[in-house]
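J.: Here is a sequence together with a model predicted from it:
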Amino acid sequence: MTHYLFIVIGAVLVNNVVLVKILGLCPFMGVSRKLETAFGMGAATTFVLTVATGASYVIDHYLLMPFGLEYLRTLSFIVTIAAIVQLTEMVIQKTSPVLHQVLGIYLPLITTNCAVLGVPLLNVANKHDFIDSLLFGAGSAVGFSLVLVLFAGMRERIEGADVPLHFKGTAIAMITAGLMSLAFMGFAGLDKYQ
Amino acid sequence: MLQRLFKFKGGVKPQTNKTQSVGLPIAVAPLPTRLIVPLHQSIGGTPDPLVAPGERVLKGQKIGGADGWISSAVHAPTSGTVLAVEERVAPHPSGLPTLSVIIEPDGRDEWITRTPVDYKALAPETVREMLRDAGVVGLGGAVFPSHAKLSASKTVPMEELVINGAECEPYITCDDLLMRERAEDVVRGVGLFRDLLRPKRVLIGIEDNKPEAVAAMKRAVQALGEDFAVIAVPTRYPAGGAKQLIRVLTGKEVPAAKRSTELGVQCFNVATAYTAWRAVAHGEPVISRIVTLTGNVAQPRNWEVLIGTPLAEFVALGQPKADTDGYLMGGPMMGFEMPSPDAPLVKATNCIIAGSPTLFPPKAPEMPCIRCGECAKACPHELQPFELYWFARAKNFGKTQEYSIFDCIECGCCSYVCPSRIPLVQYFRFAKSEIWAREREKNAADTAKARFEFRNLRDEREKAEKAERLAKAAAAKAAEKKAEPAPAAPAADAGIGAPAAADGGAPAAAPLDAEAVKKATIAAAIERARQQREAVQPKNTDRLTPAQQKEIAEIEARRAPLQAEQPERSAPPATDAAQEQQNQ
Amino acid sequence: MLTAILIMALGAVVLGAALGYASIKFKVEGDPLVDKIDAILPQTQCGQCGYPGCKPYAEAISKGEADINLCPPGGMEGVQRLADLLGREAKPLDAEEKPKQVAVIDEQTCIGCTLCIQACPVDAIVGAAKQMHTIVESLCTGCELCVPPCPVECIRMEAIAENIDNWKWKYPVIEIKPLRQAA
């Protein structure tokens, strides 16, 4: 049980996919202007990432490995992720137009989120089993959503601050992200009790 | 009588500065040389002017008729001659002009025939209309038409009628003096409101720094045998805010975006009750009000002033001191600087404070917000002014609305306590007016869109109908041709007849010469208009600077191709017609 | 090698079939984004963007055919709001920003040709053939479409003046005053 707990906490905080592993920075900077879109993006990414880790585990272990096709891993993962994202978009658009409107164009952008590809690849590298993979995927996704929402809240506030002209917009956001990343380094201390 | 009192959150205790102006009784101000009566003096529609320049008006004669239900009439404050109905600077922070009636008093002060009525014998509806036509509005400062507040809600039973004599703003004493000197008429006015609304209880709230007024009101209530409760409430700004006074007296908290009527409470100012009584029982419309003149003047006191008295003539009565550098209308917390000495006093003017650099020292510069939270503690509406400020400053108006900016009553408590001296209320006013402007734009865009879509729909329908008509005409013609195979029908005739149908819906077989005549008339009209324009133009074309001449040459050059296009414009229909003919 | 091709082909077929089925099963009519964009546009229907009205422009933006900075009546603020909605970078307006205007007909010169009535997209001009025309000011969007058709050039555009009803509180600025002379 503790093993699973460590995987989840490690993925959410200690090895945060955005701030420590520096994956998925495009949506982190792009979709964090407003809190609502950050929430929506977080939710959609969480769903896609969890499904994608599961699906990629299945593909890797039951399709690629038996035939010794590990070198096609990246290619087949990308195709799978793209298909899952497309499918998710279509389902959401049909079942919940409101959520679809909130997510808008960010939904297809999940395809290009390198965290979604990176996490299944890390799963393979860390030799996670199926449950491990799912937990690691879900934990990473929660970590991604967490920092995205935190960051969006900060950016909304910074919007109203007296930022020097040349630092306005993306520049100050980058600096803020850097400071957040430093702060998350602090979670590395949790390691001691492992 | 014991009455449990409640507390409202927040509030401040500024120096009241009321003693200066209560020493002398109310005096009637002398007739001014001119009266400037703005037509728009209440919330709601602007009254239409009912008088023309040169007309003689009597005191109390209606000069502006109420425009709709939420609107209130305006009357001539004295007898005299209407000099003009024109735009004059208004007592408004913008200093912009508003349509006003300018009256030169004739000094005779001749009343219209006043007809006192017994309101108890009348239907409530009639009394309300009477109040509207007498121009009775809320004199506490909001100037909301009173008759519109006097209809009891159909769903919620009327519990309490709150009469507001708190007068919490520093310096202002007009309600205090009114209650001291004319308490009986105030109480009778309250009785009138009570009879219209039929509440279970009537509560008159007066701040406890006005013991004389409380005593006078109690005496009057007793003398008239009413059962109104006169209650002294703790002195704390803004106890005179409607929602705050309701909270203190009844313990009911009016929720955001709701009206007190939804809780069965209605609130009126004492001066409103007084004017309502004068209007009903004496037939006197609202043509004067009591105004406190205080601050940097030699003789601060309360005056009964005619509505429309120019500021300069009014302040002369108090002999302003030499270093006076401006006049505030309203109190120091919520008032604004009068834009010009020519601006008139209106129904909303409860106080004029002469300012001087020593009395109101210039504000120290604004410092950054340190998020100390003092403003949130002081806010009587439990808002978070520091958050509102942050978003208003960043022009993030959506967020300001999320933080309930429209619950802000602009009382100024937050600005008063701010250690960084941030003019918070100014930011909130800015945000509010921007949001309103946006709403107006949005509404205009929605109307334009609806009209545009309707127009497209109509165009399409007309096109379809026209096509149908043409098809019918063509069928008829074909039948005719069959019946009469001789080549009698000239092609040219039909060729011009068809576009005539397309243009004006004239019968398809319109004769050739009628069309020619039409074209000739249009050409003649264009020619006439051109000549007219040319006849007008030379007025300003002599003695031009070279720059202007160059500009004109450029404009002419630009116009030349457009004018060349003009004759061509009539050509395309002809070719169209030819094609149509071929198609047929 | 052959297995690799087969496996990848199999994957492509399975995923393609799933997506194809989903696109039929979950088909949605209309584009909600167009309405959202349309709601931001000022609805003057002026055509200054190069499209015959606000809706066509909204459709063009939604399809990615048109840029977001083509609407002069919307101003820089409209561009900013479109940028926020679409997650695009705001660009400077592709034209001069003008104050809000209304059209005014010089009633002395008007010959009653009805050409401007036909041009007005919101039916804000009243008149009949050979009768003087006038503009309903409250409905006029200031699109200027009635100006070119007038054969006698009697229509001009006037900026809407500030009055008490549309006056706005100004943004509080710190006044910079010269220091007072030491007394």
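T.: Ah, there it is.

J.: Near the residue in the stretch 1-150 of chain B that chain C sits nearest to, how many other residues are there?
T.: As assessed by C-beta to the nearest C-beta, chain C sits closest to B:Ser94 within the stretch 1-150 of chain B, at 4.3 Å. Backbone N, C-alpha and C define where each C-beta goes, glycine included. Other residues lying near B:Ser94 total 18 when counted by other C-beta atoms under 10 Å in any protein chain shown.

J.: Check A:His100 too.
T.: What A:His100 shows, counting by other C-beta under 10 Å, is a neighbour count of 21.

J.: how close does the residue in chain A that chain B sits nearest to sit to chain C?
T.: Using C-beta to the nearest C-beta, the point where chain A gets nearest to chain B is A:Gly160, with a distance of 3.0 Å. Distance check for A:Gly160 against chain C: by C-beta to the nearest C-beta, to the nearest Å, it reads 13 Å.

J.: That residue and B:Glu387 touch, don't they?
T.: No - the criterion here is C-beta atoms under 8 Å, and A:Gly160 misses it with B:Glu387 at 9.7 Å.

J.: Show me which of those two is the more surrounded one.
T.: Counting neighbours by other C-beta under 10 Å for A:Gly160 and for B:Glu387 shows that B:Glu387 has the greater number, 20 against 17.

J.: Now for the more buried one: which residues touch it?
T.: With contact taken as C-beta atoms under 8 Å, 6 or more residues apart in numbering or on different chains, B:Glu387 is in contact with B:Tyr403.

J.: ok, the residue nearest the centre of chain C - contacts?
T.: In chain C, the C-alpha nearest the mean C-alpha coordinate belongs to C:Leu41, at 3.6 Å (C-alpha atoms, centre = their mean). Neighbour list for C:Leu41: B:Ala445, C:Cys54, C:Tyr57, C:Ala58, C:Cys71, C:Gly74, C:Gly78 [criterion: C-beta under 8 Å, 6+ apart].

J.: I figured the residue of the stretch 1-150 of chain B closest to chain C hits C:Trp167, correct?
T.: Yes - with contact defined as C-beta under 8 Å, B:Ser94 counts as touching C:Trp167 (4.3 Å).

J.: burial measure for residue 92, as a count.
T.: If you meant another chain, say so; for now it's chain A. 21.

J.: think we crossed wires, I meant chain C
T.: Neighbour count of C:Pro92, defined by other C-beta under 10 Å: 9.

J.: C:Val102 now?
T.: Look at C:Val102: counted by other C-beta under 10 Å, it has 17 neighbours.

J.: element containing it?
T.: For C:Val102, the host element (DSSP states H and E) is strand C:101-105.

J.: Please point out which parts of stretch B:199-218 sit buried.
T.: Of the residues in stretch B:199-218, those scored as buried under the neighbour-count criterion (16 or more other C-beta atoms under 10 Å in any protein chain shown) are B:199, B:201-207, B:209-210, B:213-218.

J.: Determine which two of the residues you listed are furthest apart.
T.: Taking C-beta to C-beta, the two most distant members of those are B:Pro199 and B:Asn209; they sit 27.0 Å apart.

J.: Next, work out how far apart the closest residue to C:Lys55 other than its chain neighbours and C:Val28 are.
T.: Setting aside the residues directly before and after it, C:Lys55 is nearest to C:Asp38 in space (C-beta to C-beta, 6 or more residues apart in numbering or on different chains), at 5.5 Å. Distance, C:Asp38 to C:Val28, using C-beta to C-beta, to the nearest Å: 18 Å.

J.: Which of those two has more residues huddled nearby?
T.: Neighbours were counted for C:Asp38 and for C:Val28 using other C-beta under 10 Å; C:Asp38 has more, 20 against 11.

J.: residues contacting the more buried one?
T.: B:Lys449, C:Cys54, C:Lys55, C:Ala58.

J.: The second one reaches C:Thr44, doesn't it?
T.: Yes - shown here, C:Cys54 and C:Thr44 form a contact pair, counting by C-beta under 8 Å, at 7.3 Å.

J.: For stretch B:266-281, list every residue counted as buried.
T.: Using 16+ other C-beta under 10 Å as the test for burial, stretch B:266-281 gives B:266-281.

J.: Check those and tell me the two furthest apart.
T.: Farthest apart among the buried residues of stretch B:266-281 by C-beta to C-beta are B:Cys267 and B:Ala281. That separation is 22.3 Å.

J.: What part of chain A, helix or strand, is modelled with the least confidence?
T.: Every helix and strand of chain A was ranked by mean pLDDT, DSSP states H and E. The lowest is helix A:97-103, at a mean of 69.

J.: is it true that B:Glu87 lies in a strand?
T.: Yes - with the criterion set as DSSP: H, G, I helix; E, B strand; the rest coil, the secondary structure at B:Glu87 is a strand.

J.: Can whichever helix in chain C runs longest be said to contact chain A?
T.: Across chain C, the helix with the greatest residue count (assigned by DSSP state H) is helix C:2-25. Yes - where contact is defined by C-beta under 8 Å from any C-beta of the partner chain, part of helix C:2-25 touches chain A, namely C:Thr3, C:Ala4, C:Ile7, C:Met8, C:Gly11, C:Ala12, C:Leu15, C:Ala18, C:Leu19, C:Ala22, C:Ser23, C:Lys25.
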